[in-house]
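Student: Got a predicted structure here, sequence first:
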Amino acid sequence: MGPYSPSAKGRAGDSGRGRSFVSQVNAVNVEIQVVLGRSTLPMAQLLRMGRGAVIPLDASVNEEVWILANNHPIARGEIQINDDRISIAVTREANVYDFMAGNA
């Protein structure tokens, strides 16, 4: 049993290490990304692209998007547009195997 396990909270000599651990976890920054879709292009086509080029994605309008935390899939979500703000509503947890296979 480690010093940060739940049953170690009230031990004598704990010196508040549990609280310190929680504050350290709360201080960690996590990069969140939203993947709208994917596309596979030949390198020659990619190199010819310039400003205004359009890359077709494999996603449709009402399809769920992938939500990544530090490049790892954690959830699926829906795009929501309110006034001039875009947000993502989390709909379910991610299936890592679907993400790796490129499935929706």
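Tutor: Perfect, thanks for sending it. Residues are numbered from 1 along each chain as shown.
Student: Output the below-cut-off pLDDT ranges for the chain.
Tutor: Counting by pLDDT under 70, the ranges of the chain that qualify are 1-17, 103-104.
Student: Quick check: can you name the pairing partners of the longest strand that the chain contains and their directions?
Tutor: When the chain is parsed with DSSP state E, its longest strand is strand 72-82. Strand 72-82 has the following strand partners under DSSP bridges: strand 65-69 (antiparallel), strand 85-93 (antiparallel).
Student: what's it in contact with?
Tutor: 34, 36, 62, 64-68, 86-96, 99 (CB atoms under 8 Å, 6 or more residues apart in numbering). No exception for glycine: its C-beta is placed from N, CA and C like everyone else's.
Student: got a markdown table for the strands paired with strand 72-82, with distance to residue 28 and mean neighbour count too?
Tutor: As requested, these are exported to a markdown table (distance: least, CB to CB, whole Å; neighbours: other CB atoms under 10 Å):
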| stretch | distance to residue 28 | mean neighbour count |
| --- | --- | --- |
| strand 65-69 | 11 | 18 |
| strand 85-93 | 20 | 11 |
